[in-house]
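Participant: Show me the folded form of this:
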Amino acid sequence: MEDPWTSEEHLNRYAVGIDLGTTNSAVAFVDRGQQGNSQGQRVRVFDIPQLVASGEVGHHRVLPSFVYLPGSFELPAGSTALPWDPERSYAVGEFAREQGALVPGHLLSSAKSWLCHAGVDRTAAILPWGASADVTKLSPVEASARYLQHIREAWNEVIAHGREDCLLERQLVVLTVPASFDEVARELTVQAARQAGFDRVILLEEPLAAFYAWFNDHAVGGSPPGMQPGQIILVCDVGGGTTDFTIVSVREGRAGLRFDRLAVGEHLMLGGDNMDLAIARQIEVRVLGQPGKLDARRWQQLCHQCRSAKETLLDDPRKPPMDVVVVGSGGKLIAGTLRVSLTSEEVDALILDGFFPTVGLDDAAPAGRRSGLSEWGLPYVSEPAVTRHLAAFWRRHQDLLRKETGRTVLYPDYLLFNGGALAPASVRQRLTAVVQGWFQDQAGPDWRPEELPNPRPELAVALGAAYYGLVRLGEGVRVGAGSPRAYFVQVAAGDQPDDPVQTVSTPSPITGEDSDEAADATAGIPAVCLVPRGAEEGFAGELQQPAFEVLANQPVAFQLFSSTTRLGDEVGDIVALSPDEVTTLPPIRTVLRFGKKDSSRAIPARLAVHLSEIGVLELWCQAQQTPHRWQLQFDVRSRQEGESPHGSVLPSGETLDAVLVEAAQAIIRATFVLEDGVVGIPPEQLIKELVALTELPRERWSAALLRKFTDTLLECEAGRALSPQHEARWFNLLGYSLRPGYGDPLDEWRMKQVWKLFAPGLRFPRQAQGRSEWWVFWRRVGGGLNAGQQQFIHQQLAPLFAGMSDKKRKAGGRAAKQAAPQEMLEIWMALANLERLPVQAKDELGGLLLQKSAKGGWKPQELWALSRLGARIPLYGPVDRVLPPKDVAVWVKTLMMLMARPTPDVAQALVNLARTSGDRARDLHRDELERIATWLQPLPHANRYMELLTHAGVELDQGEQDWIFGESLPLGLRIAST
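Facilitator: Numbers count the residues shown, from 1 in each chain. Got it, this is the predicted structure:
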């Protein structure tokens, strides 16, 4: 666990701070080789060389965080050439931003926001979002790497001049991240830095960096004048894509004042981008009468124009009105052009009233953590009022502040504003007035929080990060920035038996001194504290108590949680966590190899933790009786390859006695395992026997019970070879028990076992019932297959569809391999549930289905399959695999033409094909949605269809969820809105 910096960082000539921002990036540095300057003068800004026009390089204090990917022959040769790379084929910075405003389909922006978007594969090439198929795309990680690569190359060109010891990658580099970034987003940021050529970086939270910048400018002898011990500083950082809150306390130190960071807020995807969208939406309504009229391309163009106008008008309120112009397209290039005049007063009022309204401290907090509209594909928070989020943040941490400061009357003495969205004086004045109103009754009528000056908000984070580099070298004042979060690992509750599904289990129910504590833990999520709140960077420790057992040589999952609000938890404390006070981290799934590979056993172990100096949490498992030691890694792709962000298994449904569960498992074994040459229970009686034993219809079986059935069936896999009836029943119950293939921590391991069945296939392939059950099984569990496995299934079925296309038949294609009608329906449904298939594959399948059904009529299963292939809102898959709206619009039009009148089945299919997501890159045009709603008007539920078609974020009822999945979901599993 040795920190890689400790032995080398003192040798670096430069301490460099990099603010990798959503909208702009900046770099500051300290040249430790220069002598004689005061500390404040030593921190300098690096003017970043970048393209400012076609083929023209200029130096600016910030690097706009944009990548432009020009099309073939779009720009003259040499337009994107750089002094250090004449062959560069893309642009980063100012020219990228300006050219992208003209051709938004080739512009990549907000990469930082995408890094924390769990609804997509952040390592896949998905940006620019919604761009056409002919546009080169990058992943959010790669886009972030390109910003950092440009900074590294620019530094090496201007500063290093070929000197090895001055290369940026050889310096002490501090890279900033939002305080609310979770462990996955931090790891992805470090990964982007590595791709850009930085082997080592230190992570620093942005609000803390802004405070360091202020401190460096104003501290005299280590203590800013006027500040007193016990005072509180509230830092508000609203940038281009995120909002961060941090609280710093002032305390008495050994030689002057000491500063400690006490609290950080939750992740809020809310910032300047949202304000640009709000201005654009207002213009769209003003000109066209309602939102949603502009297509994705013109909408992006309007948003970029609004961003430029907003920055210009708010920078100088005396500026005259600005025209926002969006050109038409096609034959309406001139007639379709939109032109609107914006004034600084209009923009100011919209931002103040919409994002910084006057609210009370006790105003209702934002409901849960649900995301709102997903313009540009990003899940922005549903509540746009920064002031309301700030009130919720303060209320949530009041108990902590009382304990840490000893104050009975709580209010922030100082406000520090940072981020481009807070640069306008009117916004800062509004925030100050709102905070003043919250506490005047306690602090006095003349009280007003003092605003700490921040004259360079676009540079403060980089400046503070560079100063922090000095702090790391012992040359500055360090803010006590222990971990703002406590970390916990879930354990088996004290009254539960040992179970392979438990992630980490105590060897037996906790007794003796801990019995009361264990009883308390059963009231919530039972967990053990791994890292206490306030632990400093470099914290390392082993849990000596309680004693743990872990299960070796079989899959285990370590479920971790973090909390910014729990107080007093120490390492090893057994606690009961409320879901409202914790954030669930991605589970760590692994198999701990120990001794003989096939020998499953429980071994005594200790957990060890390390908060690394670069800001990443590391977790280790240490065997107590042997030298075995395993590092447990977070899975940064888990939500895309086996765990859906749209559903999770919850402990709901009927809870059965453990003896009853074991009896049910014995019934399954009696069906598929021979005893003295005979089977105890015929396969056709299996479900009836289980229903009779549990005294529950199978629809009432909980997800937890079903997963136990899954594990038992996998143990008895050989039993499916007993007869065709055994095989059909085995796949039928296994699919029912494992559906939808994700949601439980161990489902990824189960799906690995299940995938081994595909290549060998059925034991009785000539039996029609078995073939149908085979495809029903793969439909039910398809959500647990990764992209490669889903594509393999599609490829294996390709011969079945050969010759179905009119084009292929005319070209003399092979005749299609025949399948029974019922089996063919199950194949269509199985394929439609493979949401990780490439867009092209889905498009081809949908086209074939339309051709087939146009000649022979539509069956309900075919309508369902078409709607899943072209769904706007996927059930579990990444949104970057959703078909473009222009393609689905053709499907919708064709379907409506083929049907004489609307029916409920057709209506459900159309709604799933066209349901509004809030992301214009996915949504059909407003006119098309209204046309569908009008066509469905004769049906009884027409108003509900209209709501789903035209309003984003509408929750599905249980029946609608079941229809999308194809049958009812297990108790404890539901689809969350995206």
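
Participant: rest of the way, CA atoms for contacts and neighbours
Facilitator: OK.

Participant: what's the span of stretch 693-711, first residue to last?
Facilitator: Counting by CA to CA, to the nearest Å, you get 19 Å between the two ends of stretch 693-711.

Participant: Show me which positions of it end up buried.
Facilitator: Neighbour counts over stretch 693-711 (16 or more other CA atoms under 10 Å) mark 694, 698, 701-711 as buried.

Participant: for stretch 538-550, same thing?
Facilitator: 538-540, 542-543, 546-550.

Participant: thinking again about what came up before, of the buried residues of stretch 693-711, which belong to helices?
Facilitator: 694, 703-711 (DSSP state H).

Participant: ok, Ala602 - contacts?
Facilitator: Residues in contact with Ala602 (CA atoms under 8 Å, 6 or more residues apart in numbering) are 549-552.

Participant: Between those residues, which sits nearest Thr583?
Facilitator: Nearest to Thr583 among the contacts of Ala602 is Val550, at 23.7 Å by CA to CA.

Participant: my read is that closest one is in a helix, agree?
Facilitator: No. Counting by DSSP: H, G, I helix; E, B strand; the rest coil, Val550 falls outside a helix, being strand.

Participant: about what we covered before: could you export the contacts of Ala602 as CSV, including pLDDT?
Facilitator: Listed next are the contacts of Ala602 as CSV, based on pLDDT from 0 to 100:
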residue, pLDDT
Glu549, 78
Val550, 77
Leu551, 76
Ala552, 77
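
Participant: Ends of stretch 88-99, what's the gap?
Facilitator: 16 Å.

Participant: Can you give me the end-to-end span of stretch 145-164?
Facilitator: Start-to-end, stretch 145-164 (CA to CA) is 22 Å.

Participant: which sections of the stretch 501-650 of the chain are below the confidence cut-off?
Facilitator: Within the stretch 501-650 of the chain, the segments meeting pLDDT under 70 span 501-523, 545-546, 596-599, 612-616, 633-650.

Participant: got it, and the stretch 351-500 of the chain?
Facilitator: Along the stretch 351-500 of the chain, segments meeting pLDDT under 70 span 364-377, 481, 493-500.

Participant: so where do the helices sit in it?
Facilitator: Ranges of helices in the stretch 351-500 of the chain, per DSSP state H, counting those that start in this stretch, are 386-396, 398-405, 425-443, 460-472.

Participant: Highest mean neighbour count out of these?
Facilitator: Comparing those on average neighbours per residue, with mean count of other CA atoms under 10 Å, the densest one is helix 460-472 at a mean of 29.

Participant: mind saving the C-alpha coords of that one as CSV?
Facilitator: As requested, the backbone C-alpha atoms of helix 460-472 are provided in CSV (Å, rounded to 0.1, in the frame of the first residue of the first chain):
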residue,chain,number,x,y,z
ALA,A,460,-9.5,29.3,-8.9
VAL,A,461,-9.7,25.5,-8.9
ALA,A,462,-6.4,25.2,-11.0
LEU,A,463,-4.7,27.8,-8.8
GLY,A,464,-5.8,26.0,-5.6
ALA,A,465,-4.7,22.6,-7.0
ALA,A,466,-1.2,24.0,-7.7
TYR,A,467,-1.0,25.4,-4.2
TYR,A,468,-2.1,22.0,-2.9
GLY,A,469,1.0,20.6,-4.7
LEU,A,470,3.1,22.9,-2.4
VAL,A,471,1.1,21.6,0.6
ARG,A,472,2.0,18.1,-0.4
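
Participant: going forward can the numbers begin at 46, since that is how I track them
Facilitator: New numbering, starting at 46: the last item is helix 505-517.

Participant: Pull the residues that contact that helix.
Facilitator: Taking CA under 8 Å, 6+ apart as the rule, helix 505-517 contacts 60-64, 71-75, 88-90, 217-221, 249, 251-259, 261, 463, 499, 521-523.

Participant: before we move on, what about stretch 353-360?
Facilitator: Under the contact criterion CA under 8 Å, 6+ apart, stretch 353-360 has outside partners 321, 364, 366-367, 369, 387-389, 392-393, 468-469.

Participant: what about 6 Å?
Facilitator: 389, 469 (CA atoms under 6 Å, 6 or more residues apart in numbering).

Participant: So for that stretch, what gets flagged as buried?
Facilitator: 353-356, 358-359.

Participant: ok so, going back, among the ones in helices among the buried residues of stretch 738-756, find me the one that's closest to Leu914.
Facilitator: Once CA to CA is applied, the member of those that ends up nearest Leu914 is Ala748, at 26.6 Å.

Participant: didn't Val218 look like it was pressed against Val61?
Facilitator: Yes. Counting by CA atoms under 6 Å, Val61 is a contact partner of Val218 at 4.8 Å.

Participant: Which of the two has more residues huddled nearby?
Facilitator: Val61 (30 against 25; other CA atoms under 10 Å).

Participant: sec struct for that one, please.
Facilitator: Val61 ends up strand, using three-state DSSP.

Participant: so where do the strands sit in the stretch 296-445 of the chain?
Facilitator: 301-309, 367-371, 383-387 (DSSP state E, counting those that start in this stretch).

Participant: Just say which of those strands is most tucked in.
Facilitator: Highest mean neighbour count of these: strand 301-309, a mean of 21 (counted as mean count of other CA under 10 Å).

Participant: Ala650 is in contact with Phe593, correct?
Facilitator: Yes. Assessed by CA under 6 Å, Phe593 is found in contact with Ala650 at 5.5 Å.
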